[in-house]
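Trainee: Need coordinates for the below:
(2 chains)
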Amino acid sequence: DVKVTQSSRYLVKRTGEKVFLECVQDMDHENMFWYRQDPGLGLRLIYFSYDVKMKEKGDIPEGYSVSREKKERFSLILESASTNQTSMYLCASSRTGTDYNEQFFGPGTRLTVL
Amino acid sequence: QQQVKQSPQSLIVQKGGISIINCAYENTAFDYFPWYQQFPGKGPALLIAIRPDVSEKKEGRFTISFNKSAKQFSLHIMDSQPGDSATYFCAAATTNAGKSTFGDGTTLTVKP
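Mentor: Modelled structure (predicted):
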């Protein structure tokens, strides 16, 4: 059974703190993604990675960075958390190749920045 | 510039009715059009997907209709059930690019 896990379901941090969100997939997928989900705004792509140590900016990368040191793990970093980063964060992974477009999502981390 | 526009934002349907959610895209390079279903507290999961070489795909009560010339596609849920109550996202992708562009989502409520 394919699985994407995220380190925390709920997280509460203070403004200015450095925040790490961790994502692990066990499907040997090449691609990994970080999205944030806000009501009425759908899923917005923050960053994605095609391979270890590779990363590309998505639609809303400002205020975020990522790290992918191992194929199965993709971390999202908020260098200095702000209240406007309060959101649901979703990690996803997918395989590379013409027949493989399905993205597998984790359960999400609901981050509150006070 | 929003590349995938989804409507309506919310939808209420009686049990047994037909639910219809529409999406429109702009980029003609898109060649994969999935729909994802998300239940509260869960991540989205692939429901059904279509490629532009066919105009319709059916899986059980779920059907995607695809109109390439109009750059539109829609999800039809026949005989809607309360268990179908969820948020639905359409998406579009260019296969070689690897990533998908998502619509804003539709919250479907099926009343018993």
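
Trainee: in the sheet, who's paired with A:C91?
Mentor: With DSSP bridges as the criterion, the beta-bridge partners of A:C91 are A:W34.

Trainee: What backbone torsions are found at A:G63?
Mentor: Geometry field for A:G63 lists phi and psi as phi 90, psi 0, criterion degrees, to the nearest 10.

Trainee: any idea how far it lies from A:T83?
Mentor: Counting by Cβ to Cβ, to the nearest Å, the gap between A:G63 and A:T83 amounts to 12 Å. Bear in mind the C-beta positions are built from the backbone N, C-alpha and C, glycine included.

Trainee: Ok, B:I48 next?
Mentor: According to Cβ to Cβ, B:I48 stands 38 Å off from A:T83.

Trainee: what's near enough to touch the residue nearest in space to the middle of chain A?
Mentor: The residue at the geometric middle of chain A, judged as the C-alpha nearest the mean C-alpha position with Cα atoms, centre = their mean, is A:W34 (2.6 Å). With contacts defined as Cβ atoms under 8 Å, 6 or more residues apart in numbering or on different chains, the neighbours of A:W34 are A:21, A:23, A:45-48, A:58, A:64, A:66, A:74, A:76, A:89-91.

Trainee: for chain B, what are the nearby residues on chain A?
Mentor: Taking Cβ under 8 Å from any Cβ of the partner chain as the test, the list of chain A residues beside chain B reads A:4, A:31, A:33, A:35, A:40-45, A:48, A:50, A:58, A:90, A:92, A:94, A:96, A:98, A:101-108.

Trainee: Kindly recompute the last result at 6 Å.
Mentor: Taking Cβ under 6 Å from any Cβ of the partner chain as the criterion, chain A approaches chain B at residues A:N31, A:G42, A:L43, A:F48, A:L90, A:T98, A:N101, A:E102, A:F105, A:G106, A:P107, A:G108.
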